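Engineer: give me the fold of what follows.
(chains A, B, C and D)
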There are 2 protein chains.
Amino acid sequence: MRQNPARRAALLDAAIEVLAREGARGLTFRAVDVEAKVPNGTASNYFSNRDDLLTQVGHRFYERLEPDPGLLAAAAEGPRDRDRVTELMHDLVARISGFPSGYLALLELRLEATRRPELRRLLTERIRADIQANIDYHTKSGLPGDATTVIALYLALNWLIVERLTLPDVFPESEIHRLVTDVVERILPGPRRDT
Amino acid sequence: MRQNPARRAALLDAAIEVLAREGARGLTFRAVDVEAKVPNGTASNYFSNRDDLLTQVGHRFYERLEPDPGLLAAAAEGPRDRDRVTELMHDLVARISGFPSGYLALLELRLEATRRPELRRLLTERIRADIQANIDYHTKSGLPGDATTVIALYLALNWLIVERLTLPDVFPESEIHRLVTDVVERILPGPRRDT
DNA sequence: TTTGCACCACTTCAAGCGTAGTACTACGCC
DNA sequence: GGCGTAGTACTACGCTTGAAGTGGTGCAAA
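Structural biologist: Numbering: from 1, shown residues only, chains lettered A, B, ... in the order given. This is a model prediction of the structure:
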């Protein structure tokens, strides 16, 4: 079991790519080696088994997600109205849709979590924290809507992204902007703007 | 390539179970044989390759979903107000949560569709039709809300089910009923009932 | 009698895993 | 300043496992 943290991180990043591109079926130690461009057997030296690998991928995934300081600050600016929320949601959808591999890998991890208690615990904890952070941010910053509003947005947008990433033609690219706008409008409280 | 349709259907049903329980990684011809309790090699005789198997699973899945005539009739009864919609949504969530294997298998298929054009075409078509049917039913039956409302409900409830089936402790069972109620209330138009 | 399927057994194949063995690098110690 | 040691990278190999597919036999129905 090797220690080199940089190399370990590189292997985990490679694993995320493999997971997104080839699916859980294609995620093998060898495939990770190839993706990370390291010699065969390297992944074997860093992870004791498949379970270990997947759990560490989960950790790594959220480790990479952390750095959002500048973005959070930027989001704190501007008005506090419904249009602002809509704008933020558009940003969110665009950002995730623009880097599909991370999100697809997370979906694969979710399905794996069905069979792996440790992975399930990890993901549950991180996602609860994520939702709670969203709620806190939203309510504290004075944006319209309460905790339930945030959850409803979370639910709807997550599935919209799934739909975009797995079956892009169900909601074609050209209709997404309008669709996000409309859905967010439906979920937010208060009177709607005439558009 | 054998013809016996009953046996083929039984194999596909077995494949759905395997897909849900073991994931895409565990879906092998042999595993299908075992699950369907037929001799080894049988699946080989019915499906030319993995791609063929997955595509046929997709077909079979929707073939099994069709028979909803009595249910649709029952849904057509009763009032046409917001509470009625909430009730219908509760039924929906409960029904799907009660038979996880079908939905989990469909999620696996979605991820596979990322890499399999034919499967992607099939799923896209069926899901578009499904959404459209929901919209048509909803609007024609005079329930509150327009097409966008239905889509918003579709998005939110789908992800809620994902959350329940993959990481059940993120939204614990005990809170689901209240959560569904609240989210549906947020999405439906018009004044809210005081609860 | 012929055709198609069920069943079983066996061969073949390939992928992947883990590790033994070797070489390199850096660091600390004498 | 030379040397030993520890940790790591790299290469290659052997082994295990698992799966796929196919040929052959028996059977049943048309």
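Engineer: nearest residue to the residue in chain A that DNA strand C sits nearest to other than its sequence neighbours?
Structural biologist: Residue nearest to DNA strand C within chain A: residue A:41 (2.6 Å; C-beta to the nearest atom of the strand). C-betas here are computed from N, CA, C, even on glycine. Ranked by C-beta to C-beta, 6 or more residues apart in numbering or on different chains and with sequence neighbours excluded, the top spatial neighbour of residue A:41 is residue A:33, at 7.0 Å.
Engineer: which stretch of helix or strand covers that neighbour?
Structural biologist: Assessed by DSSP states H and E, residue A:33 sits inside helix A:29-36.
Engineer: residues touching that helix, excluding its own?
Structural biologist: By C-beta atoms under 8 Å, 6 or more residues apart in numbering or on different chains, the residues outside helix A:29-36 that reach it are A:10-11, A:13-15, A:17-18, A:22, A:39-44, A:47, A:53.
Engineer: of those, closest to chain B?
Structural biologist: residue A:22 (7.5 Å; C-beta to the nearest C-beta).
Engineer: can you count the residues close to the closest one?
Structural biologist: Residue neighbour count, defined by other C-beta atoms under 10 Å in any protein chain shown, stands at 16 for residue A:22.
Engineer: hmm, back to that, next one: the residue of chain A closest to DNA strand C from residue A:81, what distance?
Structural biologist: Per C-beta to C-beta, to the nearest Å, residue A:41 is found 57 Å from residue A:81.
Engineer: swap in residue A:130?
Structural biologist: As defined by C-beta to C-beta, residue A:130 lies at a distance of 25 Å from residue A:81.
Engineer: repeat that for residue A:146.
Structural biologist: As defined by C-beta to C-beta, residue A:146 lies at a distance of 16 Å from residue A:81.
Engineer: name the single longest helix found in chain A.
Structural biologist: For chain A, the longest helix by residue count, based on DSSP state H, is helix A:117-140.
Engineer: so stretch A:176-184, near chain B or not?
Structural biologist: Yes. Counting by C-beta under 8 Å from any C-beta of the partner chain, contacts between stretch A:176-184 and chain B involve A:179, A:182, A:183.
Engineer: residue nearest the centroid of chain A?
Structural biologist: Centre of chain A computed as the mean C-alpha position; nearest residue by C-alpha atoms, centre = their mean is residue A:103, 4.6 Å away.
Engineer: cross-check the contact I'm expecting between that one and residue A:96.
Structural biologist: Yes. With contact defined as C-beta atoms under 8 Å, residue A:103 counts as touching residue A:96 (5.4 Å).
Engineer: residue A:38: neighbouring residues, count only.
Structural biologist: Summarising burial for residue A:38: neighbours were counted as other C-beta under 10 Å, giving 17.
Engineer: domain-wise, how is chain A divided?
Structural biologist: The record's domain split for chain A, according to automatic domain parsing, is A:5-61, A:67-187.
Engineer: how close does residue A:137 get to residue A:74?
Structural biologist: The gap separating residue A:137 from residue A:74 is 13 Å, by C-beta to C-beta.
Engineer: equivalent analysis for residue A:91, please.
Structural biologist: 9 Å.
Engineer: what sits closest to residue A:126 if chain neighbours are left out?
Structural biologist: Leaving out its chain neighbours, residue A:126 is closest to residue A:62 (C-beta to C-beta, 6+ apart), at 5.0 Å.
Engineer: between residue A:41 and residue A:81, who's got more neighbours?
Structural biologist: Set residue A:41 next to residue A:81 and count neighbours by other C-beta under 10 Å: residue A:81 wins out with 15 against 10.
Engineer: circling back to that earlier point, any residues in contact with both of residue A:103 and residue A:96?
Structural biologist: Taking C-beta under 8 Å, 6+ apart as the contact rule, residue A:103 and residue A:96 both touch residue A:161.
Engineer: any regions of chain A where pLDDT drops low?
Structural biologist: Under the criterion pLDDT under 70, the flagged ranges of chain A are A:67-72, A:192-195.
Engineer: coming back round to it: most neighbours, which of the residues of stretch A:176-184 next to chain B?
Structural biologist: Sorting these by how many neighbours each has (other C-beta under 10 Å) puts residue A:183 first, at 26 neighbours.
Engineer: nearest spatial neighbour of that residue, chain-adjacent residues omitted?
Structural biologist: Excluding the flanking residues, the one nearest residue A:183 by C-beta to C-beta, 6+ apart is residue B:152, at 4.6 Å.
Engineer: same for the helix or strand where the one you found lies, what does it pack against?
Structural biologist: Residue B:152 belongs to helix B:147-166 when assigned by DSSP H and E. Under the contact definition 3 or more C-beta pairs under 8 Å, 6 or more residues apart in numbering or on different chains; DSSP states H and E, helix B:147-166 sits against helix A:100-113, helix A:147-166, helix A:173-187, helix B:82-98, helix B:100-113, helix B:117-140, helix B:173-187.
Engineer: if we can go back for a sec, can you show me the CA trace of the helix holding residue A:33 as PDB?
Structural biologist: The C-alpha trace of helix A:29-36 is given here as PDB (Å, rounded to 0.1, in the frame of the first residue of the first chain):
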ATOM      1  CA  PHE A  29      -7.400  -1.500 -11.600                       C
ATOM      2  CA  ARG A  30      -5.900  -1.900 -15.000                       C
ATOM      3  CA  ALA A  31      -8.200   0.600 -16.600                       C
ATOM      4  CA  VAL A  32      -7.300   3.100 -13.900                       C
ATOM      5  CA  ASP A  33      -3.600   2.500 -14.600                       C
ATOM      6  CA  VAL A  34      -4.100   3.100 -18.300                       C
ATOM      7  CA  GLU A  35      -6.200   6.200 -17.800                       C
ATOM      8  CA  ALA A  36      -3.700   7.600 -15.300                       C
END
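Engineer: is that helix up against DNA strand D anywhere?
Structural biologist: No. Using C-beta under 7 Å from any atom of the strand, no contact is recorded between helix A:29-36 and DNA strand D, whose separation bottoms out at 8.5 Å.
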